[in-house]
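Asks: Below are the sequence and a predicted model; questions follow.
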Amino acid sequence: MTIHSGQADKSKETLPILVVDDDIATLQGLQMVLILEGYQVAIARDGREALQEVMRNQYGLIILDSDMPVMTGSEFIKAYDKAPGSHAPVIICSGRTREIKDVLPPFVKAEILKPIEISELIALVQQQYIIA
């Protein structure tokens, strides 16, 4: 896990955003955009790594890819839902729409399609982000 922080005031007293994606270009692109928006950003490359992170650290938001090796986004959500304590809001990023909507826990706040429209993502981040 790597945490980077932007220059804006948001990064000083806020929780980091955890970005989870197995595609390095997507991971780095989202990280850069969020840092430029002033957020602290931590990254994980699959659901298992993300689950380890949320057990050790508190996050203000999780941006989660749905299709990853090792542990998929759905598997992460199921495991995270069973974890004790409060849960950060989750935005799921998916390459396809789900034909049958899974019953998702209340901490899953939104799903956006890839390729990600940056303005849509930033609007969702601003709506769902938890300030420490």
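Replies: Arrived safely.

Asks: elements contacting the longest helix that the chain contains?
Replies: Scanning the chain for the longest helix, with DSSP state H as the assignment, gives helix 24-36. Counting contacts by 3 or more CB pairs under 8 Å, 6 or more residues apart in numbering; DSSP states H and E, helix 24-36 packs against strand 3-5, strand 17-20, strand 40-44, helix 118-128. Bear in mind the C-beta positions are built from the backbone N, C-alpha and C, glycine included.

Asks: what about 10 Å?
Replies: strand 3-5, strand 17-20, strand 40-44, strand 61-65, helix 118-128 (3 or more CB pairs under 10 Å, 6 or more residues apart in numbering; DSSP states H and E).

Asks: now these in a markdown table, with distance to Gly95 and mean neighbour count?
Replies: A markdown table is the format used below for the helices and strands packed on helix 24-36 (distance: least, CB to CB, whole Å; neighbours: other CB atoms under 10 Å):
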| stretch | distance to Gly95 | mean neighbour count |
| --- | --- | --- |
| strand 3-5 | 25 | 15 |
| strand 17-20 | 14 | 27 |
| strand 40-44 | 18 | 22 |
| strand 61-65 | 9 | 27 |
| helix 118-128 | 15 | 14 |
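
Asks: related to what we said a few turns ago, any buried residues in the longest helix of the chain, and which?
Replies: Thr26, Leu27, Leu30, Gln31, Val33, Leu34, Ile35 (16 or more other CB atoms under 10 Å).

Asks: sorry, back to before: now the helices and strands packed on helix 24-36 as JSON lines including distance to Ile112 and mean pLDDT?
Replies: As requested, the helices and strands packed on helix 24-36 are arranged in JSON lines below (distance: least, CB to CB, whole Å; pLDDT from 0 to 100):
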{"stretch": "strand 3-5", "distance to Ile112": "22", "mean pLDDT": "51"}
{"stretch": "strand 17-20", "distance to Ile112": "13", "mean pLDDT": "98"}
{"stretch": "strand 40-44", "distance to Ile112": "17", "mean pLDDT": "97"}
{"stretch": "strand 61-65", "distance to Ile112": "9", "mean pLDDT": "97"}
{"stretch": "helix 118-128", "distance to Ile112": "6", "mean pLDDT": "95"}
